[in-house]
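# Below is the sequence, then the predicted model.
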Amino acid sequence: MAEIAPFRGLRYNKEKVPDLAEVVIPPYDVISPKEQEAYHQMCPYNMVRLELGKSTPEDSEQDNPHTRAARYFQDWQREKVIVRDDDPCMYYYELHYSLTPQVRKTRYGFVCALRLEDFSSGFVRPHEKTFQAVKDERLQLMFACQANLSPVFALYADPDEFVDRALRAGRDGDPVASFKDHQGMEHRLWRVRDLEILRRVRDLMRDKPLFIADGHHRYETALNYRDIQRQRCKNASPRASFEYIMVYLSNLNQEGLTILPTHRLLRSLDSLDLESFLEKARVYFDVSRFEQTASGENQWRAGLEAGASRKDTVIGFHARRVEGFFLMKAKRDAVSSYLSSIRIPEVLQTLDVVVLDQVLLKKILGLSESFLANADNIHFSHDFSKTVQEVKEGNYEAGFLINATRIEQVQDVATSGLIMPHKSTYFYPKVGSGMVIHALSTEEEGI
């Protein structure tokens, strides 16, 4: 079962840090080196010093980004830059954001502690592949700071919104955090301390499976941390805080949930023969060409988006050395036959990203797994216009544009116990690091 609990969160002290926009950052894995440097310049208490500290040539086992993060974390607590709530809480979190100037959305969720469950239990369901090197690095940081610095983002189904309604009713007065970040998104965080409400939410969530949206590495790292701590602290309570992980839970039935597409930009395609590529592509796709004009680009984009509304697999293609924009609509029987022949499970065959990776990139272009894993060859973008512009400016040889993975597809894959390809989903916005921190120790969680 999914067992959640309130916890005594660590939060920035308003008297020391009046503007949280100066310290809260996106998750470590979406921060570029340029952004990392900018965050280091913003405020001496910025979370980047904990989550993604800078390396130096002089780094050693005794002095490195992880040990420095631990020192910062201890110093900030001692100086009361970060203070701990007196009572166990769940934290109700509203995030107001814009997709376009005309489209404004609000995503609702809450932060709590979740008892760690092995994936084999079926209550916590992943959908993406993880990498051991990343988990090893995160484990070192977790041991250095002994805390969950940012939450895992997970989804649950609640069509009647019983959980959200209970939490909204139990909010403490004014938000304990309210600010607009540098991207224009508005964050509001409330404590929920009423024991009756907390128990009701706990009971409502008990039988709900959770789908990890973002934070697969953090979750698996926490499992490793828990297992090591169980060996080290054999007399610890079954409710010790290291048996839990901080999560941000959001109802997948709400309109405020957004998944962005992840387009592919490719380099090192000097030998690309467009005519041969298109001829091979026509075996699996109906191919349409649009003029390389503003009007043609608008029609091309509209065709791609129309495919999403029909739940067709449609992929956009644009190459630097070729005039025009191309739209490729999958021939379902041909694509399914090929994917089945290479043993791709049926539930994965409906994913645009699988068709792109397996049919267009690997089968037709002949690109290897190692080629596609090399960051020098491939770049990922979530912005349609910027992806096209990168090709036009000659920064990349070609761009492949896809529609976003749908939430029901994420559910289907996770429920089946399968894993999606790398960069299949991008849940937006990401949950910030620094809103709440969960300290890990032998202290008990729960109510």
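Done, it's in. Numbers count the residues shown, from 1 in each chain.
# Export stretch 45-65 to PDB, keeping only CA atoms.
Below are the C-alpha coordinates for stretch 45-65, written out as PDB (Å, rounded to 0.1, in the frame of the first residue of the first chain):
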ATOM      1  CA  TYR A  45      21.900  30.800   0.300                       C
ATOM      2  CA  ASN A  46      20.800  29.600  -3.100                       C
ATOM      3  CA  MET A  47      19.900  25.900  -3.200                       C
ATOM      4  CA  VAL A  48      22.300  25.300  -6.000                       C
ATOM      5  CA  ARG A  49      25.100  25.200  -3.400                       C
ATOM      6  CA  LEU A  50      23.400  22.100  -2.000                       C
ATOM      7  CA  GLU A  51      22.000  20.400  -5.000                       C
ATOM      8  CA  LEU A  52      24.600  21.200  -7.700                       C
ATOM      9  CA  GLY A  53      27.700  22.700  -6.200                       C
ATOM     10  CA  LYS A  54      30.600  23.600  -8.500                       C
ATOM     11  CA  SER A  55      33.600  21.300  -8.900                       C
ATOM     12  CA  THR A  56      37.200  22.600  -8.700                       C
ATOM     13  CA  PRO A  57      40.500  21.200  -9.800                       C
ATOM     14  CA  GLU A  58      41.500  21.000  -6.100                       C
ATOM     15  CA  ASP A  59      38.600  18.700  -5.100                       C
ATOM     16  CA  SER A  60      39.500  15.800  -2.900                       C
ATOM     17  CA  GLU A  61      37.700  13.200  -0.900                       C
ATOM     18  CA  GLN A  62      37.700  15.600   2.000                       C
ATOM     19  CA  ASP A  63      36.700  18.700   0.100                       C
ATOM     20  CA  ASN A  64      34.300  18.400  -2.900                       C
ATOM     21  CA  PRO A  65      30.800  19.500  -3.900                       C
END
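# For it, buried residues please.
Judged by neighbour count (16 or more other CB atoms under 10 Å), stretch 45-65 contains these buried residues: 45-53, 64-65. No exception for glycine: its C-beta is placed from N, CA and C like everyone else's.
# Nearest residue to D19 in space, ignoring adjacent ones along the chain?
F179 (6.3 Å; CB to CB, 6 or more residues apart in numbering).
# residues contacting V388?
Contact partners of V388, counting by CB atoms under 8 Å, 6 or more residues apart in numbering, are 297, 318, 399, 401.
# make it 10 Å
Going by CB atoms under 10 Å, 6 or more residues apart in numbering, V388 touches 263, 265, 297, 300-301, 316, 318, 325, 381, 399, 401.
# Look at it and give its secondary structure.
helix (DSSP: H, G, I helix; E, B strand; the rest coil).
# Tell me where the stretch 151-300 of the chain has strands.
For the stretch 151-300 of the chain, applying DSSP state E, counting those that start in this stretch gives strands covering 152-156, 177-180, 186-192, 210-214, 244-251, 258-260, 263-266, 285-290.
# hey, which of the ones you listed is tucked in deepest?
strand 244-251 (a mean of 26; mean count of other CB atoms under 10 Å).
# What strands flank that one, and is each parallel or antiparallel?
Paired with strand 244-251 in the same sheet, following DSSP bridges, are strand 103-115 (antiparallel), strand 152-156 (parallel).
# now these as CSV including distance to Y219 and mean pLDDT?
Formatted as CSV, the strands paired with strand 244-251 follow (distance: least, CB to CB, whole Å; pLDDT from 0 to 100):
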stretch, distance to Y219, mean pLDDT
strand 103-115, 9, 97
strand 152-156, 5, 97
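# who wins for proximity to I259 among the ones you listed?
Among the strands paired with strand 244-251, strand 152-156 comes nearest to I259, with 10.6 Å by CB to CB.
# what angle do that closest one and strand 210-214 make?
Between strand 152-156 and strand 210-214, the angle comes out at 140 degrees (axes from the mean of the first three to the mean of the last three CA atoms, to 10 degrees).
# Centre of the chain to strand 152-156, how far?
Counting by CA atoms, centre = their mean, to the nearest Å, strand 152-156 is centred 10 Å from the centre of its parent chain.
# Same question for stretch 250-258.
Between the centre of stretch 250-258 and the centre of its chain there are 14 Å (CA atoms, centre = their mean).
# Can you show me the CA trace of that stretch as PDB?
This file holds the C-alpha atoms of stretch 250-258, laid out as PDB (Å, rounded to 0.1, in the frame of the first residue of the first chain):
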ATOM      1  CA  SER A 250      -0.500  15.700  -7.800                       C
ATOM      2  CA  ASN A 251      -3.800  14.500  -9.100                       C
ATOM      3  CA  LEU A 252      -3.500  13.300 -12.700                       C
ATOM      4  CA  ASN A 253      -7.200  14.000 -13.300                       C
ATOM      5  CA  GLN A 254      -6.700  17.800 -13.100                       C
ATOM      6  CA  GLU A 255      -6.500  20.200 -16.000                       C
ATOM      7  CA  GLY A 256      -3.400  21.900 -14.600                       C
ATOM      8  CA  LEU A 257      -1.200  18.900 -15.400                       C
ATOM      9  CA  THR A 258       1.000  19.500 -18.500                       C
END
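# still on that earlier bit, can you put the strands paired with strand 244-251 in TSV and add distance to A38?
Shown next, in TSV, are the strands paired with strand 244-251 (distance: least, CB to CB, whole Å):
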stretch	distance to A38
strand 103-115	25
strand 152-156	24
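# quick check, nearest of the buried residues of stretch 45-65 to T221?
The closest of these to T221 turns out to be E51 (CB to CB; 13.1 Å).
# Point out where the chain drops to low pLDDT.
Across the chain, the ranges flagged by pLDDT under 70 are 447.
# residues in contact with the residue nearest the centre of it?
Centroid-nearest residue in the chain, with CA atoms, centre = their mean: D214, separated by 3.2 Å. Neighbouring residues of D214 by CB under 10 Å, 6+ apart: 27, 29-30, 128, 150-155, 248, 425-428, 430-431.
# Can you flag the buried ones in these?
The neighbour-count test (16+ other CB under 10 Å) marks 27, 128, 150-155, 248, 425-428, 430-431 as buried among the contacts of D214.
# coming back round to it: go through the strands paired with strand 244-251 and pick out the most buried.
Taking mean count of other CB under 10 Å, strand 152-156 is the most buried of the strands paired with strand 244-251, at a mean of 23.
# related to what we said a few turns ago, show me the contacts of V388 that map onto helices.
Those of those mapping onto helices are 297, 300-301, per DSSP state H.
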